[in-house]
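1. Sequence and predicted model, in that order:
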Amino acid sequence: MTVLGIETSCDETSVALYTDGHLLANVVLYQVIHERYGGVVPEYASRAHMRTLIPTLELALEKSGVGIGEIGGVGVTYGPGLVGSLLVGLNVAKGLSVSLGVPLIGVNHIEGHIFANFIREPGPALPAVCLVVSGGHTQLVLIKTLGEYELLGKTRDDAAGEAFDKVARVLGLGYPGGPAIERAAADGDPNAVDFPKAFLEEGYEFSFSGIKTAVLYHMRELPENERRKHVADVAASFQKAVVDVLVEKSVRAAQETGARSICLAGGVARNRRLRQELERRAQGAGFEVFVPAPEFCTDNAAMIARAAHFYLEQGRTSPLTLGPAPSLNLAA
Ligand code: KG4
Ligand code: ZN
């Protein structure tokens with residue numbers, strides 16, 4: 001069964017084709033326009049999806065070698081995300097579903113990120129603790145079996161990716177902030193500044209707004225001619241503080257829930273320090289660690305096609321009345 005996946009929840013336009021155990025194509029078009037504004041401008045995002053989704057679909061079909069008549073189902077992100085962006089993907093998916101006479105499968109974007117771990121079989125051993133860290137979400141999820149989750153904890157304020165983006169702005173590093181901070185941190189000393197690590201010792205909840213403010217005050221207190229010199233050290237120290245909290249809580253969650261493995265999901269999972277520290281700490285504690293390839297961490301349709309394939313196999317499809325759900329949560 002070949003499934004087409006469509007992802008347009010934010011600022012990546014992406015189409016993928018997945019068949020039993022194999023990814024056939026995954027085309028991701030990144031919208032450069034938002035860099036100029038230091039963040040995603042929703043109206044520009046949906047307009048760009050309208051221009052590029054059909055050519056992206058054509059390219060994905062061409063790369064996969066799949067004829068449009070061979071598609072057995074159309075999976076699409078219906079939330080959470082920007083309403084205008086979601087609408088573009090949903091309407092194209094519905095049009096395809098009707099014209100091809102195949103089922104529509106609405107996919108929760110957060111669950112899609114989790115499914116990135118299962119694009120290459122067999123994926124992490126279950127039950128697994130999954131740290132979902134993106135621009136919009138930071139949560140610890142226990143994957144009991146595929147499709148069945150327990151939310152262990154989440155952020156009380158900013159998402160981890162949002163903190164990277166905001167701190168990058170304070171440091172004048174541009175957007176998106178995650179990759180910019182990682183690059184700057186490569187030349188810095190991670191022990192230069194001792195930034196706060198919220199709730200490090202307790203529970204599974206996160207908070208990243210305090211560290212963002214701490215970075216702002218730290219920079220303000222430096223004489224103006226000194227600030228540039230300290231950017232690498234501040235970036236490295238900020239990255240270390242965030243990664244320490246994420247890794248500590250993930251390993252503790254795995255120990256306390258009796259999980260067999262730990263996996264990562266979402267754009268921040270591209271961060272090399274996070275990947276390496278998690279591997280080091282979790283393997284030391286006896287857990288298998290599973291990290292999706294970087295291109296499956298940031299938004300992509302491969303993860304959506306993979307999740308849709310799973311639900312189609314189970315016979316769980318969506319009605320054509322499915323609408324966008326901008327604030328959708330993970331069903332847990
Ligand atoms: O999952 P994603 O593509 O979109 C959402 O669903 O939010 O995640 C985007 C987020 C952005 O905040 C971006 O700054 C962050 O992921 N990110 C990173 C890295 N690459 C992307 N954060 C830290 N280090 C990175 N290398
Ligand atoms: Zn995402």
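-> Nice, I can see it. Numbers count the residues shown, from 1 in each chain. Ligands and ions are numbered 1, 2, ... in the order given.

2. residues in contact with the residue lying closest to residue 104 once chain neighbours are set aside?
-> Leaving aside its sequence neighbours, residue 104 sits nearest to residue 97 (C-beta to C-beta, 6 or more residues apart in numbering; 4.1 Å). In this view, the C-beta of every residue, glycine as well, is placed from N, C-alpha and C. By C-beta atoms under 8 Å, 6 or more residues apart in numbering, the contact list for residue 97 reads 74, 103-104, 320.

3. correct me, but residue 291 touches residue 262?
-> No: using C-beta atoms under 8 Å, residue 291 makes no contact with residue 262, being 9.3 Å away.

4. Who has more neighbours out of those two?
-> Remark: of residue 291 and residue 262, residue 262 carries more neighbours, 27 against 21, as counted by other C-beta atoms under 10 Å.

5. ok but residue 125 is inside a helix, no?
-> No: read with DSSP: H, G, I helix; E, B strand; the rest coil, residue 125 is coil and lies in no helix.

6. give me every residue that touches the residue lying closest to it once chain neighbours are set aside.
-> Excluding its sequence neighbours, the residue lying closest to residue 125 (C-beta to C-beta, 6+ apart) is residue 260, at 4.2 Å. With contact taken as C-beta under 8 Å, 6+ apart, residue 260 is in contact with 124-128, 287-288.

7. wait, which of those is closest to residue 328?
-> In terms of C-beta to C-beta, no member of those lies closer to residue 328 than residue 128, at 22.1 Å.

8. Pull the number of nearby residues for the closest one.
-> Neighbours of residue 128 under the rule other C-beta under 10 Å: 24.

9. Could you check how far the residue nearest to residue 125 is from ligand 2?
-> Note on residue 260: its distance to ligand 2, by C-beta to the ion, to the nearest Å, is 25 Å.

10. What's the local residue count around the residue of the stretch 201-332 of the chain found nearest ligand 1?
-> At 2.1 Å from ligand 1, residue 267 is the closest residue in the stretch 201-332 of the chain, using C-beta to the nearest ligand atom. Residues lying near residue 267 (other C-beta under 10 Å) number 26.

11. Burial check on the closest residue in space to it that isn't next to it in sequence, number of neighbours?
-> Excluding its sequence neighbours, the residue lying closest to residue 267 (C-beta to C-beta, 6+ apart) is residue 298, at 4.4 Å. Neighbour count for residue 298, taken as other C-beta under 10 Å: 24.

12. Which secondary structure state does residue 298 sit in?
-> Put simply, residue 298 is coil when judged by three-state DSSP.

13. For it, grab phi and psi.
-> phi -70, psi 170 (degrees, to the nearest 10).

14. hang on, isn't it packed against residue 12?
-> Yes: applying C-beta under 8 Å, one finds residue 298 in contact with residue 12, separated by 7.0 Å.

15. okay, and the common contacts of the two?
-> Common neighbours of residue 298 and residue 12 (C-beta under 8 Å, 6+ apart) are residue 28.

16. In a strand, residue 106, correct?
-> Yes: under three-state DSSP, residue 106 sits within a strand.

17. do you know how far it is from residue 5?
-> Using C-beta to C-beta, to the nearest Å, residue 106 is found at 12 Å from residue 5.

18. now residue 113
-> 13 Å.

19. shared neighbours of those two, anything?
-> residue 303.

20. if you count what's nearby, which of the two comes out ahead?
-> Neighbours were tallied for residue 113 and for residue 5 using other C-beta under 10 Å; the higher tally belongs to residue 5 (34 against 30).

21. Look up the closest residue to the more buried one, ignoring the ones flanking it.
-> Sequence neighbours aside, residue 305 is the residue nearest to residue 5 in space, at 2.8 Å (criterion: C-beta to C-beta, 6+ apart).
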